[in-house]
Each structure stands twice: as structure tokens, then as C-alpha cells.
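In: Turn this into a model:
(2 chains)
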Amino acid sequence: MAGKRYLVGIFGDEDIVLGAAESVRKKDVKIQEVYCPYPVHGLDHALGYDRPRMGVPAFFFGLTGTSLAFLLTFWTMGWDWPMNVGGKNFIPFPTNIPIVFELTVLLAAFGMSFTFFLTEGLGPTAKPVIFDERSTDDKFAMAIDLSKNKISDEEITQILKEAGAEEVNVKEV
Amino acid sequence: MAHKHDIPSLDESFEFSPALRKKLILTALLGVVLVALGALLIHKGWWPLGHGDHHEAAHVEAHADAAHHEGDHHADDHGGGHHGATLASRLVANLWMNSIYFIGIALTGMFFIAYNYVAKAGWQASMKRVAEAFPAFVVVPAVIMLILFIVPSTRHMIFHWTHDGITDPASPNYDAIIAGKTWFLNVPFFMIRMVVYFVVWYFMWMQVRKFSILEDQYGGLDYYYKSRNYSKVFLLFFAVTSSTAAWDLTMSIDTHWFSTMFGWYHLSSWHVAGLSAMMLTIILLKENGYLKAVNMSTIQDLGKLIFGFSIFWTYTWFSQYLLIFYANLPEETIYFEERTSGYGGRYLAPFLINLVLNFVFPFLILMARNSKRNFTLLKLACASILIGHWFDFYQMIMPGVAKDQGGIGLIELGTTLTFASIFIIFVANQLTKANLYAKNHPFLEESTHHDI
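Out: Just a heads-up that it's a prediction; the model follows:
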């Protein structure tokens, strides 16, 4: 991370930053991320993000939970120590459903939490990068990674200013 | 992102074309003809009723008799009473179940408006008029059910507990279990309850509807606050009466049996069927060039509600089933015995179709985000849920009323066609009475920009 240079455009309004995200991208400037005090509707669309494929890992975590739960109930109740409850079959399907449901939800939830930590680089040793502290208060900060852009700093600063940035700062992290 | 959308005009009025009205009336008449034809065919013995008389279902009948004590054996002198179901019972059962099914769909409109007012929800404001149009139909099933209950012979066909002498220890009809329930299940009190439900439900809707139309004219926030207050009262009232109505109108048919899950189960069935009917109405209106300001985010949110409540229905259904399955008490399992193997197994198919159409199919279709934004898939899922919940009410009511005379044929098709056409006529009529958007609703602006 050390020595990376960023340009940080500060915007004062939700609508302006939305329009800016589109116009800046149109001029072939790659935006790293926009930091907002609150979720802004349509920003992910304006930044051209793909829809997250969260459903795929969630499905497989859930499927793991379902299979484990069936294995657990079948093994314990029907195989290892067959138990007769109320004169029913040894593996009465309906009674397994609550356990299957719970384990499916549990594994999906745990799996997705860890997936989130992994993909976002969060953990006990992670150091947060704050481009501008005001982005937790009332400003919108647009971070642009200079190493990933071929256009010169001055030009990008100009583009950001034209798009409505109140100020443009250089930040090294 | 206020400036990003082009908001279509908010002045739209629905036109109920005479051709469509004529078609609907003809369909309603066709339904009546089908019922008559179906009844004639069965009466003449030309339509197979399927097996399932007392020989084949002997073991179930034994169960049934054990649970039903003396009551059933002595009911023969009531002329086609409880023990022996007749063709008439099947006709009455059809009227009753369709009344309950459609009154639920109609009421969901009011329920939907009320909880959205109380939650101060903005997303639905653009589709509010569709929900508002539904409860107009409450009158029709209400009147049909009141008539069916007032006439003694039809009342006896539906409700075993209304038979003479069933609470009199000296009478051969005496049934100790039913006698213990007479403080709640007696004809005058039942009658009062029915009238109170129908009148209050309908009156509350008329008020909210009136405010909504006045709001179009005069604007301001007064009508919004008034509607909210009425919605709060309605929700309180409906919280109790949705359950008690479920016990009265549906659960008391199987008088000996009861389930504490039943109110929830019944309400969730009504609710998800109503939401699906709403979704279908919106999609059909959109496809005919109306409701342009209802955007795809609103549609997706309604789709989520349908998805969620179809799972909620399954949850209540399963909770009821699992407890009875696990406890294995004869007086409780008889309910599912009748539906899976009773009367020659004639109710097994509806019982299983119910689960597939209401859970498996919509669950798989509506899970993905894109399918909640795709009209074809949405129509498929909503149709599945609507048909599925028809089967749900079918298997709740038929085994107790039509018994070994039950089936699915021309009578069922005809009655449902008639009810559905009249329902559509009522809803379409209501839609013509006001602008298709609640023009001055404080959340309409938010709703047209709704973005998820």
C-alpha cells in the first residue's frame, strides 16, 4: 500500500456526486471508490459496478448446511443409534425439516460473514484507509488511484473540478 | 436520483371497455352453465365420482368415527345432513370455499393499504389505487355466506355443529365435545360475528377509499392522517378478526378438530393470494399501457413480498403439520388422515398440489432478482400461487362438507369462473372511479423515484 498516490475529490451534494461519477468515467478516468456518509441510491449503477454475485456463494454455503443437517439427523436418529419416537419410522422426514432449515441458515450466514471479511480485507490486523474524514460527516469523497490512470494529475484535477468538486486533494497512503 | 428518471404523467384514467365487460359477463354466465352441466352429469351418474365410499376407506372411517363419537351416527334424520354428503353439499361447499377465497383476496387490498399507512411506507404509493379497488368485492362473498348461513338446510350442510339436539344430553344427536363449544359456536353469536366482520371490514375500506378520493380533489395532509388513524384501527380489528373469522368460517367445519396455528395459516393464505392478484392486476394494466409510473423497483418489491409470504405460508402450514404429525394424537391426526387417505384418497392430489404450487414452484421462480423484474416469470409465479391457494382452501373446506361427494370437475371450474369474472368486474369498476394514481398522496413522489 505504501507510496500509492490518490487524488481525492470532495463533493458537497448527493446529486452532484452522482452526476460526477458518470461524467468523470466518461472521460476515461478510473474511479477507485466513492465514500459517502450514507448510502446513495443509484451510485453503484453510476460507477458501473457489476451486480454482486453474492447469491452464488450463499447458495453453496446453504447447500452445505442442508446436506450436513440431513447427514446429522439421518446418522444420529436412524443409523448410529436408531430411536423410536412415537412409533414412527426411524427417519421421519418432517421432523428433520426444522434442523435442516436452521443449519442451512446458520451455515449460509456464517459463510457469508467470512466471505465478506475476506473480500473486504477486514480482520484484526487490517488498517483502515480514510481518504477524507469528512466523508463520515457531510461530504462525498471520490478517490482516484493515480497509478491506474494514464491521464496527468492536472488534467484529472481539472475534470473533477468541472464535474463539481469543491476541492481536490492529493493523498498518499 | 431525482433527476435521473423521466416521470410519466400522473393523470391516467382506466377505461373499462364495454367489450371487456361483455366478455366478463359471458364468462360469469358460462360458469353458471358449467355448474349446471356438471351437476346434471353427476346427478345422472354420467360423470365418474371416483371410488372412495365407505369400504375402501374403512380404516380411515374407523378413525373418523372414533374421533367423532356419537354425533355422526345419528345425523341421518336430517335429510342429507352431515353424515351423508350429497350433490347439494358439493355445490354449497363450492360456493362457501370460493366466497372465503375471494373475500380474502379482496380484503388483502385493505390490509395492504392499512399496513403501508401505518408503516409510513412510500414505495407503494404509485400502485395504491389497485389495492384500493380490491375490497369493493367484499360485498358479494359476504352476502353469499350470510345467505348460506341463514338458510337452515345449507347451514346444516356446512356446519355439523348447527344440527338440532347436538348439545342436548337427552337427544340421540348429543355430542359432548360440540356441546362444550356452544358458548362460542351457537347460531345467534355466529351470525352476529359474521355481520360484524363483514360490516366493519367494508365500512373501514369505504372510509379510507373516500379519504383517498377526497385527497385527489383537495390535497393536503389531513386525509393522509385520517387514513392512517383508520388504518391503525383496522389493523387492530383485523389482527383479531382475521383469526376469529378463520375459526368461524373455515375451522368450525371440522368441529371436533382445532389448531392454534389455524388463524395465521388462514391469514397467510389470504394474504399471499391477494398480493399475487394485485401483482397480476398491475402487470396486466402495465401491459395495456396504464400505470407507467409504477417502476420496476416497485414491482420487484412487491415480488419480494410475494416471495416472502409464500415462504411464510409454508412455514405456518408446516408448523401446523409437524406438531400434529409428531404428537400423533388421533383427534388431531384425523384432519390430515381425511385429506391424505380419507374418502378413497380423493383429497390427496389437492393436498400435494397445494404444496407444490404454493411453495416449491414460486420459491424456485421468484428467488432470483431478475425474475422479480420479468413479467412472464412473475405472471407464472403469481398464477401458480393463485391456483395453489384455491387448492389450499379447497382442501381446507371440501373434505368436511362434500366428503365422499367431492371432486374437481365442471362444478368447481364453473363456480370459480363465475366468482373470478364478477371479481374482475368489481375491481375494474372501482378502477374507473378514480385517477389511477393517488395524485396528492404525500408519498407519490417518493414512489415514482423508488430505486433499489
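
In: residues from chain A in reach of chain B?
Out: Within chain A, the positions near chain B by C-beta under 8 Å from any C-beta of the partner chain are A:15, A:18, A:41-42, A:51, A:55, A:85-88, A:92, A:94-95, A:97-98. Every C-beta, even on glycine, is put in place using the N, C-alpha and C of the backbone.

In: pLDDT at A:I159, what is it?
Out: On the pLDDT scale, A:I159 is placed at 89.

In: And for the nearest residue to it once chain neighbours are set aside, the neighbour number?
Out: Nearest residue to A:I159 in three dimensions, chain neighbours excluded: A:K27, at 5.3 Å (C-beta to C-beta, 6 or more residues apart in numbering or on different chains). Summarising burial for A:K27: neighbours were counted as other C-beta atoms under 10 Å in any protein chain shown, giving 14.

In: which phi and psi does A:K27 have?
Out: Here is the backbone geometry of A:K27 (degrees, to the nearest 10): phi -90, psi 20.

In: same thing with A:P92?
Out: Main-chain dihedrals, A:P92, degrees, to the nearest 10: phi -80, psi 110.

In: For it, give me its contacts.
Out: For A:P92, the contact set (C-beta atoms under 8 Å, 6 or more residues apart in numbering or on different chains) comprises A:V85, B:F325.

In: Tell me how chain A divides into domains.
Out: A:5-51+A:129-172, A:55-120 (automatic domain parsing).

In: between the ones you listed, which gets nearest to B:T244?
Out: The closest of the domains of chain A to B:T244 is domain A:55-120. By C-beta to C-beta, the value is 28.6 Å.

In: how far out from the middle of the chain is the closest one?
Out: Counting by C-alpha atoms, centre = their mean, to the nearest Å, domain A:55-120 is centred 26 Å from the centre of its parent chain.

In: same deal with stretch A:33-47?
Out: Remark: stretch A:33-47 is offset 12 Å from the chain centroid, using C-alpha atoms, centre = their mean.

In: how about it: buried residues?
Out: A:V34, A:Y35, A:C36, A:V40, A:H41, A:G42, A:L43, A:A46, A:L47 (16 or more other C-beta atoms under 10 Å in any protein chain shown).

In: Pull the contacting residues for the closest residue to the fourth one other than its chain neighbours.
Out: Once its chain neighbours are removed from consideration, A:V40 has its nearest residue in A:E14; the separation is 5.3 Å (C-beta to C-beta, 6+ apart). By C-beta under 8 Å, 6+ apart, the contact list for A:E14 reads A:C36, A:V40, A:F140.

In: what's the spacing between the first one and B:W201?
Out: Computed with C-beta to C-beta, to the nearest Å, the distance linking A:C36 and B:W201 is 45 Å.

In: about what we covered before: quick check, nearest of the contacts of A:E14 to B:H449?
Out: A:V40 (13.0 Å).

In: right, and that closest one touches A:G19 too?
Out: No - A:V40 is not in contact with A:G19 according to C-beta atoms under 8 Å; the separation is 11.6 Å.

In: hang on, isn't A:A20 packed against A:I159?
Out: No - contact criterion C-beta under 8 Å: A:A20 and A:I159 do not qualify, at 9.2 Å.

In: Could you tell me how many residues sit around B:F262?
Out: 18.
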